[in-house]
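>>> Sequence and predicted structure, then a few things I'm wondering about:
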Amino acid sequence: MPLKPLVRAKSRLAGATGDAARQRLALAFAQDTVRAALTCAAVRDVAVVTDDPRAARVLGALGARIVPDLPASGLNPALAHGARAVRESAPDAAVAALNADLPALRPAELERTLNYAGNYRRAFLADAAGIGTTLLTALPGVPLRPRFGGPSRQAHRASGAAEIALRGTESVESVRRDVDTGEDLVAALRLGVGPFTARCVSSRLPGMQATSYTYDPETRSGSVLLDDGTPLPFDTAAFDAGGLRLLRVGQRVRIEVEGEGDARRVTFITLQTL
């Protein structure tokens, strides 16, 4: 599993979340991915290739093996280096390269994917957009030969890897749902993210979007629906902080949120604008 230094990770999220939240989310995504992978019955060990000291400390505490990015020359060299490091201690192991930005990852879906991949020398799973790749596997003794980055679905197919095709009742959407943009994060929230991402989002996510659900013009209070369907109330102070005069049910709004669980509340609400 590769992870950039957090200061550079998930740069496309910054516009939706702000820079500080982007770094916290990048680490939370990796924590949830590692946690789910370690829980998967088909996974023996998780190695994270990273040079970020904070990420190494946090993910190591979860049980991941930390492999320094000695090549320091990009994503695919890092993955190949990680595969070699794994096979130095387990020469007969099958290996898999897995994205570190799968916050909705479900262990059962990962197990289903890996079991399917075991029928092929090399196999890959396309991402939710159908352009990139979230998983690449190789049987014991077979070089991983990663081709991640850009249109990697096409690159992995051209390299001879078999595409994993699990649909319908055997859907593995949580393994496909990587997060690069604000829209991706909303889609992951709809699937249901792990505890680290959920905590990061609920504590405070600037620029979070929602839909106006109820509004009382006399008290200037009401509620919104988050994009994962969760209702949250807002009071007069939150409404006044956004400078609004009126709010109609169904309007898209931008909110700021504080707190966790039942104590979570909207502290700022205004109209969402382009």
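Structure's in. What do you need?

>>> Not counting residues beside it along the chain, what's closest to Arg157?
The shortest distance from Arg157 to any non-neighbouring residue, by CB to CB, 6 or more residues apart in numbering, is to Glu163 (6.0 Å). No exception for glycine: its C-beta is placed from N, CA and C like everyone else's.

>>> Check Arg190 too.
Nearest non-adjacent residue to Arg190 (CB to CB, 6+ apart): Asp228, at 5.2 Å.

>>> burial of the residue nearest to Arg157, as a residue count?
13 (other CB atoms under 10 Å).

>>> which residues touch it?
Going by CB atoms under 8 Å, 6 or more residues apart in numbering, Glu163 touches 123-126, 153, 156-157.

>>> Can you flag which of the residues you listed belong to strands?
Judged by DSSP state E, strands contain the following of these: 123-126.

>>> Can you select the buried ones from those in PyMOL?
Burial among the ones in strands among the contacts of Glu163 is assessed by 16 or more other CB atoms under 10 Å; the matching PyMOL selection reads:
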select buried, resi 123+124+125+126
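
>>> so where do the strands sit in the stretch 1-150 of the chain?
47-49, 65-67, 95-98, 122-126, 133-138 (DSSP state E, counting those that start in this stretch).

>>> who touches Thr267 in this structure?
237-238, 241, 256-258.

>>> let's go with 7 Å and repeat that
Residues counted as contacts of Thr267 (CB atoms under 7 Å, 6 or more residues apart in numbering) are 238, 241, 256-258.

>>> secondary structure element for it?
strand 265-271 (DSSP states H and E).

>>> Quickly list what the spatially closest residue to Ala56 that is not a sequence neighbour is bridged to.
Leaving aside its chain neighbours, Ala56 sits nearest to Ile66 (4.5 Å; criterion: CB to CB, 6+ apart). Note on Ile66: beta-bridge partners by DSSP bridges are Val48.

>>> can you offset everything so residue one is 7?
New numbering, starting at 7: the last item is Ile72.

>>> what's the burial count for Ile72?
Neighbours of Ile72 using other CB under 10 Å come to 17.
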